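Enquirer: predicted coordinates and the sequence they were generated for:
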Amino acid sequence: MVKKYFGTDGIRGRVGEGVMTPEFVLKLAWATGHVLCNDASNLILIGKDTRISGYMLESLVEAGLTAAGVNCRLLGPMPTPAIAYLTRTLRASAGIVISASHNPYYDNGLKIFSADGSKLSDQVELEIEALLSGPMQTVAADQLGKVKRIEDAAGRYSEFCKASIAPDVRLHGLKMVVDCAHGATYHIAPDVFRELGAEVIEIASSPNGININAGCGATSPAGIQAAVQAESADLGIAIDGDGDRLIMVDANGALVDGDQLLFLLATCAQEKGQTTEAVVGTVMSNLGLQHALAERDIKLHRAAVGDRHVLELMQQHGCLLGGESSGHIICLDQTTTGDAIIAALQVLEILVNRKQGLAEAVSAMQKYPQVLINVPLESAFDLTACVEIETAVKAAEQALAGQGRVLLRASGTEPLIRVMVEGLDLGLVQSAAEQLATQVATICCSK
């Protein structure tokens, strides 16, 4: 069966439209409660990021769950990975995050974690969707769920983060800029690094409900690049609005993306004698990562885009490390999902122990030039069934003369086709990408 509502990372859309109307969210929460609360705990956690719509959606999710007879615990603004962690430690049946991740404030969505802190399987998502086609039935009054607020949620998660590195690691002497994207980590990330001894300069840490991800954070790093240089900082840490993506900046203001961070973590684990026969990336991971890992006898498995798919492949191959170029880094020995604070701490621990700067630490990996162009669509388009697009892709691959690769994929969260070309020659890559994007746009519009 094909899912109608769930995408690669939960359900999201523009608030007040489609799947983000009050009516739909209420029923979605009710259906989720019915499917997931079939064990003794009968408890679901609710967290959110800093979007203004979170107030409304939190109330709707609470109402839908209690109507299904489910008890709720409200966490308030919390990073997505914090909900995954607290779902496990509080022995809840599930955790729901009200967030649209890196999207603008006018979007919102629901991400759902199972009892073990993992994203839901396709089968469970289909079970929830099946209930949405029927009537919503409230349990008897004496069976309605109850709601409480957990006041110390942020403190619990902060202590978990700090405990992810060795107790003797100190960040004294490190000056860093931390960009919270006016998002869910604004009241946690800066304090975690300060409490470990770092000098922290905060930017984008004053959410007002509509400034989340607005020209800041992991998806818009120009601001933190400038701040690192202006403050003569040692490095920068940029997080996205819900706290599961990490992009770093070295002392020169250069970006260090998820591929480079994954390379650093993998090679350090290998140096320590830990099991690192393979790590998991995605179809978007840079060829430079694949080649640099191969030189060290570490295999790169490529998953579909989305940290859920990365985690599934990690579990399939027994890998402890996986991640995406965009900055979702999963350290499976620490947590079950992408976690920007946890990943940043693992990197900082390496830098402290090696007495290295970030630029030097990742210098052994050479990134291939990569060009990504988003082609907007007016409606859904099946790439796999279009002969014209297949021909255009083959022509682009021939232009690269065997020294690169081409990837087309439909976005799982936006009406876009992503055209990616990478190779050794930037000029050739840029030309091939632009030509292919133009062809794709023309073909899609004519269908």
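Expert: Right, received. Where do you want to start?
Enquirer: quick check: bridge partners of the nearest residue to Gln430 once chain neighbours are set aside?
Expert: Nearest residue to Gln430 in three dimensions, chain neighbours excluded: Val371, at 5.4 Å (CB to CB, 6 or more residues apart in numbering). The C-beta positions use only the backbone N, C-alpha and C, and glycine is treated the same way. Per DSSP bridges, the residues bridged to Val371 are Val421.
Enquirer: what's the answer for the one 5 residues further on, then?
Expert: Pro376 forms beta bridges with Leu416, as assigned by DSSP bridges.
Enquirer: got a pLDDT number for it?
Expert: We have a pLDDT of 88 for Pro376.
Enquirer: now do Val283
Expert: 92.
Enquirer: quick check: phi and psi on Gly236?
Expert: For Gly236, the backbone dihedrals (degrees, to the nearest 10) come out as phi -130, psi 150.
Enquirer: contacts only, for it.
Expert: Counting by CB atoms under 8 Å, 6 or more residues apart in numbering, Gly236 makes contact with 176-179, 221, 224-225, 227-228, 248-249.
Enquirer: you'd agree the residue nearest to Gln430 is up against Val421?
Expert: Yes - if you go by CB atoms under 8 Å, Val371 and Val421 touch, sitting 5.3 Å apart.
Enquirer: give me the common contacts of the two.
Expert: With CB under 8 Å, 6+ apart as the test, Val371 and Val421 both reach 429, 433.
Enquirer: out of those two, which sits in the more crowded spot?
Expert: Higher neighbour count among Val371 and Val421: Val421, with 29 against 18, using other CB atoms under 10 Å.
Enquirer: now do the contacts for that one.
Expert: 370-371, 396, 400, 404-407, 429, 432-433, 436.
Enquirer: show me the contacts for the residue lying closest to Ser220 once chain neighbours are set aside.
Expert: What sits nearest to Ser220 in space, not counting adjacent residues and going by CB to CB, 6+ apart, is Asn213, at 7.1 Å. Shown in contact with Asn213 (CB under 8 Å, 6+ apart): 102-105, 181-183, 219-220, 240-241.
Enquirer: quick check: Asn213 vs Pro104, distance?
Expert: Going from Asn213 to Pro104 by CB to CB, to the nearest Å gives 6 Å.
Enquirer: again, but for Lys272
Expert: Lys272 is 41 Å from Pro104, by CB to CB.
Enquirer: try Ile96
Expert: Taken as CB to CB, the span from Ile96 to Pro104 is 21 Å.
Enquirer: what does Lys148 give?
Expert: For Lys148 relative to Pro104 (CB to CB), the value is 32 Å.
Enquirer: quick one, which of these two is more surrounded?
Expert: With neighbours defined as other CB under 10 Å, Lys148 and Pro104 compare such that Pro104 has more, 15 against 10.
Enquirer: so where is the stretch 151-300 of the chain shaky, pLDDT-wise?
Expert: Judged against pLDDT under 70, the stretch 151-300 of the chain has no low-scoring part.
Enquirer: what about the helices in the chain?
Expert: 22-36, 54-67, 80-89, 122-132, 153-162, 189-195, 222-230, 258-271, 287-294, 307-317, 340-354, 358-361, 387-399, 426-446 (DSSP state H).
Enquirer: pick the most deeply packed of these.
Expert: Sort those by mean neighbour count, taking mean count of other CB atoms under 10 Å, and helix 80-89 sits at the top with a mean of 26.
Enquirer: which other helices and strands does it contact?
Expert: Judged by 3 or more CB pairs under 8 Å, 6 or more residues apart in numbering; DSSP states H and E, helix 80-89 is in contact with strand 43-48, strand 71-77, strand 94-98, strand 107-114, helix 153-162, helix 340-354.
Enquirer: the helices of the chain: which one's closest to Gly209?
Expert: Proximity to Gly209, assessed across the helices of the chain by CB to CB, is greatest for helix 54-67 (8.1 Å).
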